[in-house]
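Colleague: prediction below, plus the sequence it came from.
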Amino acid sequence: MTDDTSQSGIGVSRRRFISAAGGAGAVALAGCTEEETGDGDGSGAETDTGSNGGGSGLSGEINIAGSSTVFPLMSAVAEEFEREHDDVSIDISSTGSGGGFENHFCPGNTDFNNASRPIKPEEEDHCAENGVEYIELVAATDALTVVINNDNDFATEMTVEELAQIWEADAAETWNDVRDEWPDEPIDRYGADETSGTYDYFVENVQGEDRGHTDDYQATEQDNTIVQGVQGNEYAIGYFGFAYYYQNPDTVTAVAIDNGNGPVEPNLETAASGEYSPLSRQIYTYPSISSLAEEHIAEFARYFVDQTDNEQLVAEEVGYVPATQDVKQEQEDKLEDAISQAQ
Amino acid sequence: MSIERSEPTFGRVSRLKGTVFEYLSLGASVTGIVALGVLLIYVAIDAFDLVNASPEWLLTYYVTLVLPLIGFCLYSANDRSLIRRTAFALGGGLVAMALTFSVVESFVRPIPRLTWQVAYLFVVVAPVTAYVVFVGSREPIGRTGFGLVGRVLGGTALGLSLIILFTVFDERLWFLAYTLGVLPAVGVLAYSRVNPSSPVSLLPVPVALVGFVAASVLRGPVDVYPTAWLIYVWTLVVPVSAIIAGLTAQRDGETKQTAAIAGVAAFALIGGGSLAAGSLGVSSEHALLVLLGSGVPTVMFGRRVVASDTGRVGLFLPVLLVGGALAGALIAESFGFPAPDPWLDASFVTSSPSRMPERAGLYPAIVGSVLVIAFVALLSFVLGVGSAVFLEEYTVESGVVGATTRLIQINIANLAAVPSVVYGLLGLGLFANLLGLGFGSVVTAALTLSLLILPITVISAQEAIRSVPDHLRQGSYAMGATRWQTTKNVVLPEALPGIFTGTILALGRAIGETAPLIMIGAAHTVFSPPNGIWSKISAMPMQIFVWSDFPQAEFRYGVLAAGVVTLLIVLLGMNATAIILRNKYESGV
């Protein structure tokens, strides 16, 4: 087709272009014969041997959704895992435990669901309807922390019953309604969203299901919002996972909870020993069994369980209580069973 | 001036109300700008850690970098009164700011995380510099200087986006698609240009499509490929060199030899430069793409300036800036001035998110956002221009078609007011669930965001098309042109600047959207960039949202601010591209 080029101005460029392109094409083809797939630079194939995960050559996607409480722990583990296996691509969404089960995990769109409470019966049904099977893995222990303003010096210790009066459906209006010596000021409440596992856990273990949860509060998935609200009002109260308080102990005051054995402050030791009750709780992640059939997901699940007793990562960097050896062993056995069942 | 003094004469009206109203409306118009300005100043202070910048450090860079730049602009503007005013503003601003701060600090209370030096930088130096750059760049010397700097920066950005493109997409597939699809199609197009009457002129698009299909089929079985470097040379450098040669011959009226030399020189510059960079330890593929992006426009521009007579001095501006930055670094280093440790640095934009603030980065989210926006730009441009052309050019006023058009028109206007969450739901239901395009995948996100901004692009494109004077159309018809020819040759070229402006402003909205992305299941955090259009992504606003809830204070102040500034820079880069494109078309038509 080059023969047909005319004498016009455009023709010059076109002929140049085509002849130059043809020449360079020959060069490129000549180069081609020397190159094989394995050593092409920058290719995807090359990284198979490049990853330092013992030459395992894992690759693929891992989709994770669920609790915002477990989110920091899961991201920390995912970050470490990706450092070792750079062809595995992990994404994590913070949707709340319930939101994760309903919209992502049970419809079969995610491989893991994080939860700050055990799965509920209706969620089990939903998963069963879609044929999604799963196992429950304990990720860590959290101390659900009730916080008040730093200027609040009267309510630093509370019984579980008083806490229930503040948060039940028919909630106390003023502090004075809860205990006589407390001031006659309205209570300003900041708490977890209804889709949050923290909400469910709080209702179940503080006031009980039948007493419900008040509507008269600011509901949010963002711990930061709760802290800012509590910081802004001397008569405010809020609750959230321990990690946020652990990293910012000076911004708000944690309430010591009295469950009949004297007031206990939330910290890693009291949560680990179970002394901080009823608010110390286990947090979970639920891998789907069909996903565990894939090697990279199974390997990530093993890695996750392996990290649950890592003091540096779980306690110091994220702010949860690491698993004990027994718990970890139990999870490992459960996981290996599920993996062998899946594969 | 007031009524009290009214005399029994005729026509004295109090102007008090009018004056008060004037200043009130002035206040109303600056409220938003001032509030946003204060916010941006604080975000920038956090992102660049200016709290820890010592006055000596600031002064060093002020003297070595900012003052020479201002001097260059003043030299270019060559206006005595401007020089006087600039000096007065810089000097007076310095005194005023220092005084205000000491008064406020001694009588009211110290201003948190803001020293008077930093405030002087933002409140006085930045606007003054912006103004003199604006004035200076309108004169030949300044135009040359800033044109050169702009081409270097813009070209580098282009090269970097090419690098991102090839990390996401398979360059071997591109190699096949180019060789089997693009090249034959261009050949057919060239042939049909020469013989307009031949039936071949209908073929370029089918040829390209067949080539693309063949490429995607062959990608699996074929497993011998050139290196990435050779692929880039073959698919990018060769055509660019050919185009340069063609342009040299055609536009500058040079001989064939000169044109060939220009093409070969461009080829040698990029190829050789990248190989040289490769031997220095830089990735030669990346060097090639950056050189391709920045080198070609820079050299072309430089050649044009040297050939013309005016403003050659301006070519020294990059030297002045680089020299100033180096001198500042040298002085600050040798005197040991405490320098800030910015959160927003090279490692921030090249590394993955992390639980540790000093390691945290935005790279996967930047790639995700840019990729999605690129697709959104493509889709919304095609859909927006298509429907605007139909609504403005092809419909009739009366009858069933007219009624339908009016209905569509009203609905488009209403769609613009639908909240973004609703579009998110639509994306979730339609694209993710029904069509199975993936939860939070690039495709789903791009389609959802395109729908979100579609009303805005359609309406602005309609406005642009409507503003094309009717006598141009009539003139075209009078020459015997068909409606298609009129639209293609007259209306669209005239309307293009307006369409670009509207589309880009809409894209600016799309890149900051979070709610629809949450709805379609985009991830809050991903640790590696997407490797295709089906993989799950995160976007900059999503990652920023996550950081706002991290327990460590460093995330909520430093890292978060760095993320916001990055998002703003990408946004401003997009807007700048739009303005350049628009100006090009406005002057070209």
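Modeller: Received it, and whenever you're ready, just let me know what you need. Please read these numbers as outputs of a predicted model, since none were measured by experiment.
Colleague: per-residue confidence for residue 329?
Modeller: Answering for chain A, as no chain was given. A:Gln329 is assigned a pLDDT of 92 by the prediction.
Colleague: meant chain B actually
Modeller: At B:Ala329, pLDDT is 89.
Colleague: the residue of the stretch 401-550 of chain B found nearest chain A in helix, strand or coil?
Modeller: Among the residues of the stretch 401-550 of chain B, B:Ala523 lies nearest to chain A; the distance is 3.3 Å by Cβ to the nearest Cβ. All C-beta spots, glycine's among them, are computed from the backbone N, C-alpha and C. Following DSSP: H, G, I helix; E, B strand; the rest coil, the label given to B:Ala523 is coil.
Colleague: list the contacts for the closest residue to it other than its chain neighbours?
Modeller: Distances taken as Cβ to Cβ, 6 or more residues apart in numbering or on different chains place A:Asp91 nearest to B:Ala523, at 3.3 Å, with adjacent residues excluded. Neighbouring residues of A:Asp91 by Cβ atoms under 8 Å, 6 or more residues apart in numbering or on different chains: A:61-64, B:440, B:523, B:525-527, B:536-538.
Colleague: so which of the residues you listed belong to strands?
Modeller: Among the contacts of A:Asp91, the members found in strands (DSSP state E) are A:61-64, B:525-526.
Colleague: for A:Ile237, state which of those is nearest.
Modeller: Using Cβ to Cβ, B:Thr525 comes nearest to A:Ile237 of the ones in strands among the contacts of A:Asp91, at 30.4 Å.
Colleague: contacting residues for the closest one?
Modeller: Counted by Cβ under 8 Å, 6+ apart, B:Thr525 has contacts A:75, A:78, A:91-92, B:353, B:538, B:542-543, B:546.
Colleague: export only the CA atoms of the helix or strand containing B:Ala329, formatted as PDB.
Modeller: In the assignment (DSSP states H and E), B:Ala329 maps to helix B:317-335. Output in PDB follows, covering the C-alpha atoms of helix B:317-335 (Å, rounded to 0.1, in the frame of the first residue of the first chain):
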ATOM      1  CA  LEU B 317      14.100  29.400  33.800                       C
ATOM      2  CA  PRO B 318      14.500  25.700  34.500                       C
ATOM      3  CA  VAL B 319      18.200  26.200  35.200                       C
ATOM      4  CA  LEU B 320      17.300  29.000  37.600                       C
ATOM      5  CA  LEU B 321      14.800  26.800  39.400                       C
ATOM      6  CA  VAL B 322      16.900  23.700  39.600                       C
ATOM      7  CA  GLY B 323      20.000  25.700  40.600                       C
ATOM      8  CA  GLY B 324      18.000  27.500  43.300                       C
ATOM      9  CA  ALA B 325      16.700  24.300  44.800                       C
ATOM     10  CA  LEU B 326      20.200  22.800  44.800                       C
ATOM     11  CA  ALA B 327      21.700  25.900  46.300                       C
ATOM     12  CA  GLY B 328      19.000  25.900  49.000                       C
ATOM     13  CA  ALA B 329      19.600  22.300  49.800                       C
ATOM     14  CA  LEU B 330      23.400  22.800  49.900                       C
ATOM     15  CA  ILE B 331      23.100  25.800  52.300                       C
ATOM     16  CA  ALA B 332      20.500  24.200  54.500                       C
ATOM     17  CA  GLU B 333      22.700  21.100  54.700                       C
ATOM     18  CA  SER B 334      26.000  22.800  55.400                       C
ATOM     19  CA  PHE B 335      24.600  25.100  58.100                       C
END
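Colleague: residues of it that come out buried?
Modeller: By 16 or more other Cβ atoms under 10 Å in any protein chain shown, the buried positions in helix B:317-335 come out as B:317-318, B:320-321, B:324, B:327-328, B:331-332.
Colleague: next: stretch B:493-509.
Modeller: For stretch B:493-509, by 16+ other Cβ under 10 Å, it's B:494-508.
Colleague: for stretch B:146-160, same thing?
Modeller: Those would be B:146-152, B:154-160, for stretch B:146-160 by 16+ other Cβ under 10 Å.
Colleague: let's have these in a markdown table, adding secondary structure.
Modeller: As requested, these are exported to a markdown table (three-state DSSP):
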| residue | secondary structure |
| --- | --- |
| B:Phe146 | helix |
| B:Gly147 | helix |
| B:Leu148 | helix |
| B:Val149 | helix |
| B:Gly150 | helix |
| B:Arg151 | helix |
| B:Val152 | helix |
| B:Gly154 | helix |
| B:Gly155 | helix |
| B:Thr156 | helix |
| B:Ala157 | helix |
| B:Leu158 | helix |
| B:Gly159 | helix |
| B:Leu160 | helix |
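Colleague: of those residues, which is the nearest to A:Ser340?
Modeller: When these are compared for distance to A:Ser340 (Cβ to Cβ), B:Leu160 wins out at 46.8 Å.
Colleague: the closest one and B:Trp174: what is the separation?
Modeller: 17 Å (Cβ to Cβ, to the nearest Å).
Colleague: same thing with A:Phe202?
Modeller: To B:Trp174, A:Phe202 is 54 Å away according to Cβ to Cβ.
Colleague: then B:Val128?
Modeller: Taking Cβ to Cβ as the measure, B:Val128 falls 47 Å from B:Trp174.
Colleague: same check, this time on A:Ile166
Modeller: 62 Å.
Colleague: now do A:Asp333
Modeller: 48 Å.
Colleague: looking at those two, which is more packed in?
Modeller: Neighbour count, other Cβ atoms under 10 Å in any protein chain shown: between A:Asp333 and B:Trp174, B:Trp174 has more, with 20 against 11.
Colleague: what mean pLDDT does the helix or strand harbouring that one get?
Modeller: Here B:Trp174, judged by DSSP H and E, is contained in helix B:171-177. Helix B:171-177 comes out with an average pLDDT of 85.
Colleague: model confidence over the following helix or strand past it, on average?
Modeller: Using DSSP H and E, the helix or strand that follows helix B:171-177 in sequence is helix B:183-194. The pLDDT scores in helix B:183-194 average 83.
Colleague: likewise for stretch A:174-182?
Modeller: Mean predicted lDDT for stretch A:174-182 stands at 90.
Colleague: for it, which positions count as buried?
Modeller: A:175, A:178, A:182.
Colleague: pretty sure the last one contacts A:Ala155?
Modeller: Just to be clear, that refers to A:Trp182. Yes. A:Trp182 lies in contact with A:Ala155 (Cβ atoms under 8 Å); the separation is 6.5 Å.
Colleague: that'll do, ta.
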